[in-house]
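Undergrad: sequence and predicted structure below; questions after.
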Amino acid sequence: VVLLALMDEEKQDLVMRAATGKGVEPLLGKHIPLGSGVAGRVASDGQGVILSPIPPADAAPLIGLDARALVCVPVQTAGQTIGILEAVNPKGDAFNSDALLVLTGIGSLAGTALANAQLYERLESAHRRYHELFEDSIDALVITDMQGRILEANRKALLTFQPDEDTLQIQTISQIHALQPEIVGEGFQNLSKDRTLSYESELTLPPSAGLPVQVMVRRVNFEGTDTLQWTLRDISERKKLDTMREDLIAMIYHDLRSPLANVVSSLDVLSSLLPTDQQDSLQTVLAIARRSTDRIQRLISSLLDMRRLEAGMPITNQRETDMLTLVHEAVETVQPAFDSKEQMLELMEDENIPHLSIDSDMIRRVLINLLENASKYSGMGSTIYLGVVRDGKRMQVSVEDSGPGIPAGEDEHIFNKFVRLEAPGSPKGIGLGLAFCRIAVEAHGGKIWVQSEPGHGSTFYFNLPIP
Ligand code: ADP
């Protein structure tokens, strides 16, 4: 009888995995603790043993076998014992030292072969896992060679590009979607190993022709050769939402702007028609209504400006503007907010600021946004400093407050759309003010930034070029 037992790495014992000879079946699958019995001892010591004949104390694990002599050797690979090989004979004097030598040789061959088999099994299972991930991805995945010829495609890709057998066999990635050579390079030379290129495109073959996709492509080493891995993600839902957003903004433009202008002019007429004896209290109410409608108008105008400037349209309403007058107008607009929080504004201005050719309404709204934020984020009774200076070929505005400041690392981020640094009890907002300021200032060739010491206030700066 010859038996092979291998280490069970989890349980830290031996398991009888293979056997040949008479009466071996009951032994298969049996566990042998390390250090116990002949096999357990050989496995833990790593030394071969001959028992010819077997002393009665060691016969117990071999009950059922006609065993009088045995030779047992470790199965080793890279100096580690991974199991044992044991030969059993019914004759008490069957084995001598030659038998030990031969079995030790077989054990070491078996060790290498078993280690290779285990590696192969692991590789196979990794391969299977990768293949399942590849096949089950909800994105269409395509592997091509470096010329764009398709080598492999997952289930989703086949469903999307080749729903029936009759469809012409697709051979290259450029048949599937509108390739963008200016991004990937003619001949894909822009694709290096460590970066993913991404662009929006459309599928070109029926039945999915026209479907918008986000394409992500990168170079990967696939089974020893360089290949390109393409991910084509369906972005039709996102596109639909984009269209809805565009429609909503268009609705704001057409359906809210003109009635709001009517409300504003009616409020003006109303205030001029008021009998003089009631003027004080009613004028106050009307002024509040007027300020609120102005705020809505500014918000709508800023939303529309952002949309136009983001679409790459130039500024059209540029006119020579006296910057100091513009600054005073902005301060006047924000004054009620300062008053309600008993805040002071200190204005420091250079006398020699030249007139600038700007869209004054837009830049006024930038100033108002920064001043309103300074007031909103600073405490009662605090002072806000507004500076307007000439700095060489640039006019620079600074708004300094004593609010909570901007946490380190957020000074770029806060200029992105819908970014708000929420803290308990912080004022309400929608996170569009600073995004508008950046777009408007940059469209004028200027720059906007913030310097802040968290806990000690922040200073927002912007500059505009002096021609
Ligand atoms: P909103 O004020 O409507 O939230 P903004 O775009 O004007 O939107 O500002 C974005 C975020 O930047 C604010 O939510 C706030 O967290 C922070 N922030 C802006 N101005 C200041 C300031 N002066 N002091 C402290 N934090 C500010």
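TA: Thanks, I have it. Here the structure is a predicted model, which means the values were calculated and not measured.
Undergrad: the helices in the stretch 301-450 of the chain, which residues?
TA: Assigned by DSSP state H, counting those that start in this stretch, the helices in the stretch 301-450 of the chain fall at 323-340, 360-377, 433-443.
Undergrad: hmm, what's the outermost residue in the protein?
TA: residue 93 (71.7 Å; C-alpha atoms, centre = their mean).
Undergrad: so what's it closest to, chain neighbours aside?
TA: Nearest non-adjacent residue to residue 93, counting by C-beta to C-beta, 6 or more residues apart in numbering: residue 52, 5.8 Å away. To be clear about C-beta, it is placed using only N, CA and C from the backbone, and glycine gets the same treatment.
Undergrad: for the one you found, give me its contacts.
TA: Shown in contact with residue 52 (C-beta atoms under 8 Å, 6 or more residues apart in numbering): 69-71, 89, 92-96.
Undergrad: about what we covered before: switch the helices of the stretch 301-450 of the chain over to CSV; also include distance to residue 5, mean pLDDT and mean neighbour count.
TA: Below are those laid out as CSV (distance: least, C-beta to C-beta, whole Å; pLDDT from 0 to 100; neighbours: other C-beta atoms under 10 Å):
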stretch, distance to residue 5, mean pLDDT, mean neighbour count
helix 323-340, 84, 95, 16
helix 360-377, 73, 97, 22
helix 433-443, 70, 96, 22
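Undergrad: would you reformat these as JSON lines and include distance to residue 464?
TA: JSON lines is the format used below for these (distance: least, C-beta to C-beta, whole Å):
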{"stretch": "helix 323-340", "distance to residue 464": "8"}
{"stretch": "helix 360-377", "distance to residue 464": "7"}
{"stretch": "helix 433-443", "distance to residue 464": "7"}
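Undergrad: around the ligand, which positions in the stretch 251-400 of the chain sit nearby?
TA: By the rule C-beta under 6 Å from any ligand atom, the part of the stretch 251-400 of the chain lying against the ligand is 373-374, 377.
Undergrad: if we use 5 Å, what do you get?
TA: Contact residues (C-beta under 5 Å from any ligand atom) of the stretch 251-400 of the chain with the ligand: 373, 377.
Undergrad: ranges for the strands of the stretch 251-400 of the chain?
TA: 319-321, 344-349, 356-358, 383-391, 394-400 (DSSP state E, counting those that start in this stretch).
Undergrad: among these, which comes closest to residue 138?
TA: Between residue 138 and the strands of the stretch 251-400 of the chain, the shortest separation by C-beta to C-beta is 47.6 Å, and it involves strand 394-400.
Undergrad: point out the other helices and strands that that closest one packs with.
TA: Here strand 394-400 touches helix 360-377, strand 383-391, strand 458-465, going by 3 or more C-beta pairs under 8 Å, 6 or more residues apart in numbering; DSSP states H and E.
Undergrad: let's see 6 Å
TA: Contacts defined by 3 or more C-beta pairs under 6 Å, 6 or more residues apart in numbering; DSSP states H and E place strand 394-400 against strand 383-391, strand 458-465.
Undergrad: helix, strand or coil for the nearest residue to residue 51 once chain neighbours are set aside?
TA: Nearest non-adjacent residue to residue 51, counting by C-beta to C-beta, 6+ apart: residue 70, 5.2 Å away. What DSSP: H, G, I helix; E, B strand; the rest coil gives for residue 70 is strand.
Undergrad: follow-up on the earlier one: mind putting the strands of the stretch 251-400 of the chain into a markdown table with mean neighbour count and mean pLDDT?
TA: What follows is the strands of the stretch 251-400 of the chain, written out as a markdown table (neighbours: other C-beta atoms under 10 Å; pLDDT from 0 to 100):
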| stretch | mean neighbour count | mean pLDDT |
| --- | --- | --- |
| strand 319-321 | 13 | 96 |
| strand 344-349 | 13 | 96 |
| strand 356-358 | 20 | 95 |
| strand 383-391 | 17 | 96 |
| strand 394-400 | 20 | 97 |
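Undergrad: so can I have TSV of those strands showing distance to residue 42?
TA: Converted to TSV, those look like this (distance: least, C-beta to C-beta, whole Å):
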stretch	distance to residue 42
strand 319-321	95
strand 344-349	90
strand 356-358	90
strand 383-391	85
strand 394-400	82
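Undergrad: residue 434 is nearest to which of the ones you listed?
TA: Comparison of the strands of the stretch 251-400 of the chain against residue 434 by C-beta to C-beta identifies strand 394-400 as nearest, at 11.7 Å.
Undergrad: report the angle between that closest one and strand 458-465.
TA: 160 degrees (axes from the mean of the first three to the mean of the last three C-alpha atoms, to 10 degrees).
Undergrad: can you show me the CA trace of strand 394-400 as PDB?
TA: C-alpha atoms of strand 394-400 as PDB (Å, rounded to 0.1, in the frame of the first residue of the first chain):
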ATOM      1  CA  ARG A 394      -3.700  94.900 -12.600                       C
ATOM      2  CA  MET A 395      -6.500  96.300 -10.400                       C
ATOM      3  CA  GLN A 396      -6.800  94.200  -7.300                       C
ATOM      4  CA  VAL A 397      -9.800  93.900  -5.000                       C
ATOM      5  CA  SER A 398      -9.600  92.300  -1.500                       C
ATOM      6  CA  VAL A 399     -12.400  91.500   0.900                       C
ATOM      7  CA  GLU A 400     -11.200  90.600   4.400                       C
END
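Undergrad: give me the contacts around it.
TA: Outside strand 394-400, the residues that touch it by C-beta atoms under 6 Å, 6 or more residues apart in numbering are 353, 370, 374, 385-389, 459-466.
Undergrad: if we use 7 Å, what do you get?
TA: 323, 353, 356, 367, 370-371, 374, 384-389, 457, 459-466 (C-beta atoms under 7 Å, 6 or more residues apart in numbering).
Undergrad: again with stretch 109-121
TA: The contact list for stretch 109-121, computed with C-beta under 7 Å, 6+ apart, reads 75-77, 82, 85.
Undergrad: residues of that stretch that come out buried?
TA: By neighbour count on 16 or more other C-beta atoms under 10 Å, the buried set for stretch 109-121 is 110-111, 114-115.
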